[in-house]
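Participant: Sharing a model that was predicted from the sequence below.
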Amino acid sequence: MPTTKTLREGSARKRAAILSAARELFLADGFDRTSVDAVAARAEVSKRTVYDYFGDKQTLLRAVVDAVGQSLITTIRRTLDDTLTDLPEAAGLEDALVTFSMSIATDMLGSAEYATLQRLVRAESGHLPHRGYNSMADTPDEALAERFAALAAAGLLDVPDPRLAADQFIALTFGVALDRLGSANAAEDARVRPLVVEGVRTFLRAYRTR
């Protein structure tokens with residue numbers, strides 16, 4: 001029976017160098033024209049090290065996409081901490097949710113990291129798993145669901161299913177902007193804000209405690 005190769009965790013510095021080099025080359029030259037030799041040379045490691053750490057070029061591409069995605073998750077969690085923590089009363093909830101949403105729509109969706117993720121996924125979709133693939137341990141809706149559960153425990157929301165509430169919040173705010181405008185990047189389009197505000201108000205009509 002064939003055996004599955006065990007990948008090395010290895011040095012964090014070398015792993016980061018390989019991911020950075022691969023990201024630059026995938027963006028500049030594309031997946032097909034990027035060789036493992038070129039990645040190794042730019043990262044200043046051996047070709048063997050790249051294979052030991054990531055197994056093959058397709059796995060390396062997924063690791064690059066996941067690393068960028070995880071960076072965006074970190075931004076979302078930091079924004080949640082800044083805007084939706086220790087709210088004293090329900091009266092401030094609408095403003096807090098709008099502030100959170102607009103921070104994401106401006107700072108994250110207008111960031112270089114988000115642009116990188118979009119470019120990689122669009123250009124290299126044929127080399128990535130199916131659309132439902134997500135190897136990250138954390139996702140935006142899970143991060144938001146955790147915060148909604150905390151707000152429910154504080155008596156500010158009534159959310160029997162926090163994950164469903166998070167999915168609906170994202171659909172009512174960013175989803176509507178994407179559907180109407182083709183983008184939810186508020187840094188580039190002032191029309192995003194009124195759609196986000198109305199989405200927050202619709203969400204609260206369904207989930208605010210009564």
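Facilitator: That came in fine, so what should we check first?
Participant: C-alpha from now on. contacts and neighbour counts both.
Facilitator: Noted.
Participant: For the protein, name the helix or strand with the lowest mean pLDDT.
Facilitator: helix 112-123 (a mean of 78; mean pLDDT, DSSP states H and E).
Participant: Tell me the first helix or strand C-terminal of that one.
Facilitator: Using DSSP states H and E, the helix or strand that follows helix 112-123 towards the C-terminus is helix 140-153.
Participant: If you count neighbours, what's buried in whichever helix or strand comes after that next one?
Facilitator: Note on helix 140-153: by DSSP H and E, the next helix or strand toward the C-terminus is helix 162-170. The neighbour-count check on helix 162-170 (16 or more other Cα atoms under 10 Å) flags Pro162, Arg163, Ala165, Ala166, Asp167, Phe169, Ile170 as buried.
Participant: Serialize the residues you listed to a markdown table and add fields for distance to Arg191 and pLDDT.
Facilitator: Compiled in a markdown table, the buried residues of helix 162-170 are given as follows (distance: Cα to Cα, whole Å; pLDDT from 0 to 100):
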| residue | distance to Arg191 | pLDDT |
| --- | --- | --- |
| Pro162 | 28 | 96 |
| Arg163 | 28 | 95 |
| Ala165 | 24 | 97 |
| Ala166 | 23 | 96 |
| Asp167 | 22 | 95 |
| Phe169 | 18 | 97 |
| Ile170 | 17 | 95 |
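Participant: mind giving me JSON lines with those and columns for distance to Pro194?
Facilitator: Supplementary listing: the buried residues of helix 162-170 in JSON lines, determined by distance: Cα to Cα, whole Å:
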{"residue": "Pro162", "distance to Pro194": "25"}
{"residue": "Arg163", "distance to Pro194": "25"}
{"residue": "Ala165", "distance to Pro194": "21"}
{"residue": "Ala166", "distance to Pro194": "20"}
{"residue": "Asp167", "distance to Pro194": "20"}
{"residue": "Phe169", "distance to Pro194": "15"}
{"residue": "Ile170", "distance to Pro194": "15"}
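Participant: Pick out the most distant pair among those residues.
Facilitator: For the buried residues of helix 162-170, the farthest-apart pair by Cα to Cα is Pro162 and Ile170; their separation is 12.3 Å.
Participant: where in this structure is pLDDT low?
Facilitator: The chain contains residues with pLDDT under 70 at 1-10, 88, 129-138.
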